[in-house]
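Engineer: Need a 3D model of the following:
(one chain, ligands or ions: 2)
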Amino acid sequence: MAYNIAVLPGDGIGPEVMAQALRVLKVVEEKFGFSCNLTEGLIGGAGYDAAGHPLPEETKEICLKSDAVFLGSIGGPKWENLPPELTPELGGLLALRKLLNLYANIRPAVIYEELKEMSPLSERILTDKVDFVTVRELAYGVYFGQPKMLEEDEAFDTMRYRKENVEQIARAAFDIAMKRDKRVTSVDKANVLSSSKLWRRVVEEVAKEYPEVTLNHQYVDNAAMQLMLNPLQYDVILTTNLFGDILSDESAAICGSLGMLPSASYGESISLYEPSGGSAPDIAGKNIANPIAQILSLAMMLESSFNEDAAAKAIRDAVDKAVTGGQRTGDIACGGKSITCSQMGDILCQYIKEA
Ligand code: ATP
Ligand code: MG
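Structural biologist: Ligands and ions are numbered 1, 2, ... in the order given. As a prediction, the model looks like this:
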């Protein structure tokens, strides 16, 4: 059984952290007896420089023929002044997301006991390991709802959901909860918004299919506060496009470093896996970026797209061992000694082999 993976290293730290993730992939392929066909494609500024477009036709074909897309990161100061449709963000990443019809964005947020001091939250709040996942609806809601209008003195957007849109994202969240602590917090604004009233009703209907999962609801204003005051309460946060955009950034902020946080975006048939952070131009090319976000994105791919749960677990165990054992890149060094991006790759490969 071979899985076809489109590999898009992109810009900034993308190629460096991708290289480490591919080393880890090789190790788990050997250890767990599966194989992957990797096809590399250009995207972002790298695509623009080499092929004149941030999402070249060839890259689209590679992605559409793949079982999953593995992305590094895109963008950087060099490409900031291009026409909008040729920028790495709009012409590259957003166009790719559209091409794959992605409907759910999954962002884990983890604060290790050992890395507590990286978090802006106080020790009083972080009495245990924070570990939750935000499941954000990605294809509908106020970002896409029609009609939209923008005139000189008036403008509006439409927050619109259909029952089947909510069912799809709710099932994604409950499926994830089944593999975790079996608790879902659905975040909406059902005291004010009609779309949220529908959202809440449909989520409750879907919950009946998952009797083992506990469901509760929070209003988004309360959730924004609770994330700061008591993040330990969460297992899976299920929310709309707009609220998820805001809450998942807030969740990343309380974790301390973007270098640790992976993400997945589910499509109907092809899903996309990438770090939560961006291209980090300030540290690109120096071999000091933290490759863990990219490597944990690989673990999400192996689990969600290929059902290689044992390989995913081996990767997560190796990351846990490295972090708790004091192996730190600069972003998580807390003022102590730090190792390079490739040294982190060495250590994780070694831990997986030894386990
Ligand atoms: P982009 O526009 O691509 O998002 P950015 O300038 O906003 O670029 P981010 O990548 O979002 O930069 O990163 C924000 C901060 O987090 C930067 O200081 C960056 O160095 C740091 N950072 C992000 N990813 C990593 C990583 N993997 N390892 C270490 N630091 C990181
Ligand atoms: Mg950024």
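Engineer: which residues does the residue of the stretch 101-250 of the chain found nearest ligand 1 contact?
Structural biologist: Nearest residue of the stretch 101-250 of the chain to ligand 1, counting by C-beta to the nearest ligand atom: D249, 10.1 Å away. Any C-beta I mention is one placed from the backbone N, CA and C, and that applies to glycine too. Applying C-beta atoms under 8 Å, 6 or more residues apart in numbering to D249 gives no contacts.
Engineer: Can you pull the phi/psi pair for it?
Structural biologist: D249 adopts backbone torsions of phi -70, psi -40, taken as degrees, to the nearest 10.
Engineer: Now do it against T134, distance only.
Structural biologist: 10 Å (C-beta to C-beta, to the nearest Å).
Engineer: distance of the residue of the stretch 101-250 of the chain closest to ligand 1 from L258?
Structural biologist: Counting by C-beta to C-beta, the gap from D249 to L258 is 10 Å.
Engineer: picking up where we left off before, what is in contact with D249 and T134 at once?
Structural biologist: Between them, D249 and T134 share no contacting residue, judged by C-beta under 8 Å, 6+ apart.
Engineer: All the strands of the protein, in order from the start?
Structural biologist: Using DSSP state E, the strands of the chain run over 2-10, 35-40, 68-73, 104-111, 130-137, 149-150, 155-156, 183-188, 214-219, 236-239, 262-266, 271-275.
Engineer: Can you tell me which of these is nearest to L82?
Structural biologist: L82 sits nearest to strand 2-10 of all the strands of the chain, at 15.5 Å, using C-beta to C-beta.
Engineer: residues in the stretch 251-355 of the chain within reach of ligand 1, list them.
Structural biologist: 258-259, 277-283, 289-290, 293, 331 (C-beta under 6 Å from any ligand atom).
Engineer: from those, which single one is nearest K321?
Structural biologist: Using C-beta to C-beta, these come closest to K321 at N290, 15.6 Å.
Engineer: The closest residue to the closest one other than its chain neighbours and Y234, how far apart?
Structural biologist: Distances taken as C-beta to C-beta, 6 or more residues apart in numbering put G259 closest to N290, at 2.9 Å, once the chain neighbours are dropped. In this view, G259 and Y234 are 22 Å apart by C-beta to C-beta.
Engineer: of the two, who's got more company?
Structural biologist: Between G259 and Y234, G259 has the larger neighbour count (other C-beta atoms under 10 Å), namely 27 against 23.
Engineer: That concludes my questions; thank you for your assistance.
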